[in-house]
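[1] this is the structure alone, sequence omitted:
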């Protein structure tokens with residue numbers, strides 16, 4: 001597809017070309033003066049003639065080399081076309097692991113959580129039961145769904161990858177968003193605790209995409225308590241132990257005011273590769289945006 005310049009862009013490009021041309025003329029003029037001075041020195045002085053006789057190969061190489069450089073540089077400027085340095089392919093944008101939803105701010109995730117803040121160790125704790133099932137030969141305990149099955153074991157954040165996939169978080173701007181309505185109700189995914197593997201019972205939506213979205217929400221915001229695959233309504237004691245400032249809202253809702261872009265970007269990359277590099281490159285990020293009703297323009301989601 002051809003790129004059509006606007007009038008302003010065209011004027012700017014011509015100015016760049018003019019500046020480059022004038023700079024080239026200045027350089028060529030310096031070369032020309034040196035070459036002319038050498039020619040005059042050789043032809044008008046005895047010392048120059050003697051020097052030319054002794055250094056004839058050097059002198060000829062310098063003079064004709066200078067003329068060649070002047071011609072080449074001049075042609076380069078005449079036929080120079082500006083590069084669109086800031087233009088990116090859509091794939092470059094979609095693969096950016098640090099892009100945030102609209103009006104969210106990128107921040108670091110601390111290695112240790114506190115009573116107020118989720119840390120990498122908090123996220124690891126959310127996946128601890130899932131990892132236990134995976135590591136002890138009980139992978140069937142992690143399966144969501146009878147059809148289009150999703151393995152929670154593929155969504156784990158653990159001590160090995162937490163510093164890579166959970167190094168940053170995006171925080172909603174409270175001046176733009178009322179963060180309480182941003183929360184995603186667990187009941188939008190589950191009618192009750194999802195207690196039995198390889199069944200669609202208690203799932204609101206049984207599509208594979210919905211299950212993948214639920215898996216990522218469970219990893220980022222908690223929900224697996226070692227008894228149920230995913231708990232729709234954790235007890236306060238279960239939630240106090242792993243999530244800061246646990247209250248009735250956190251027990252029944254997923255916290256959409258925070259999202260972990262590297263984690264979702266990694267899931268999107270794996271999804272794309274597993275599908276032989278076909279299909280969307282932003283599935284998990286866009287499904288998060290859809291579920292939380294938050295635009296994520298930089299990831300190609302609206």
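    Looks like it came in fine. Note that the coordinates shown come from a computational prediction; the quantities given were computed from them, not determined experimentally. Residues are numbered from 1 along each chain as shown.
[2] so who does the nearest residue to residue 148 once chain neighbours are set aside touch?
    The shortest distance from residue 148 to any non-neighbouring residue, by C-beta to C-beta, 6 or more residues apart in numbering, is to residue 208 (3.2 Å). Placement of C-beta: from N, CA and C, glycine included. For residue 208, the contact set (C-beta atoms under 8 Å, 6 or more residues apart in numbering) comprises 145, 147-150.
[3] pLDDT at residue 208, what is it?
    Predicted confidence (pLDDT) for residue 208: 90.
[4] how much space between it and residue 202?
    Residue 208 sits at a distance of 17 Å from residue 202 (criterion: C-beta to C-beta, to the nearest Å).
[5] now do the helices in the stretch 51-200 of the chain.
    Secondary structure of the stretch 51-200 of the chain (DSSP state H, counting those that start in this stretch): helices located at 56-78, 90-94, 120-126, 128-135, 162-165, 179-182.
[6] quick one: the residue nearest to residue 148 from residue 274, how far?
    Relative to residue 274, and taking C-beta to C-beta, residue 208 is found at 12 Å.
[7] got it, and residue 73?
    51 Å.
[8] looking at these two, which is more packed in?
    Comparing residue 73 with residue 274 by other C-beta atoms under 10 Å, the one with more neighbours is residue 73, at 18 against 10.
[9] residue contacts, the more buried one?
    Counting by C-beta under 8 Å, 6+ apart, residue 73 has contacts 24, 27-28.
[10] what is the nearest of the residues you listed to residue 197?
    Closest approach to residue 197 among the contacts of residue 73 (C-beta to C-beta): residue 24, at 71.7 Å.
[11] isn't that closest one up against residue 72?
    No: assessed by C-beta atoms under 8 Å, residue 24 is found out of contact with residue 72, at 10.2 Å.
[12] these two: which is more packed in?
    residue 24 (17 against 10).
[13] and the more buried one, what helix or strand is that in?
    Taking DSSP states H and E as the criterion, residue 24 maps to helix 7-44.
[14] could you give the angle of that helix to helix 56-78?
    On the basis of axes from the mean of the first three to the mean of the last three C-alpha atoms, to 10 degrees, helix 7-44 is oriented at 160 degrees to helix 56-78.
[15] quick one: helix 7-44 to chain centroid distance?
    Relative to its parent chain, helix 7-44 has a centroid offset of 43 Å by C-alpha atoms, centre = their mean, to the nearest Å.
[16] so which elements touch that helix?
    helix 46-54, helix 56-78 (3 or more C-beta pairs under 8 Å, 6 or more residues apart in numbering; DSSP states H and E).
[17] on contacts alone, who are the packing partners of the first one?
    Going back to what we said before, that points to helix 46-54. helix 7-44.
[18] can we see that at 10 Å?
    Applying 3 or more C-beta pairs under 10 Å, 6 or more residues apart in numbering; DSSP states H and E, we find helix 46-54 packed against helix 7-44, helix 56-78.
[19] for stretch 198-205, list every residue counted as buried.
    199-200, 202-203 (16 or more other C-beta atoms under 10 Å).
[20] re the thing from before, measure the residue nearest to residue 148 to residue 42 for me?
    Counting by C-beta to C-beta, the gap from residue 208 to residue 42 is 83 Å.
[21] residue 49 now?
    With C-beta to C-beta as the criterion, residue 49 and residue 42 are 6 Å apart.
[22] who has more neighbours, the two?
    A direct count of neighbours by other C-beta under 10 Å for residue 49 and residue 42 places residue 42 higher, at 19 against 13.
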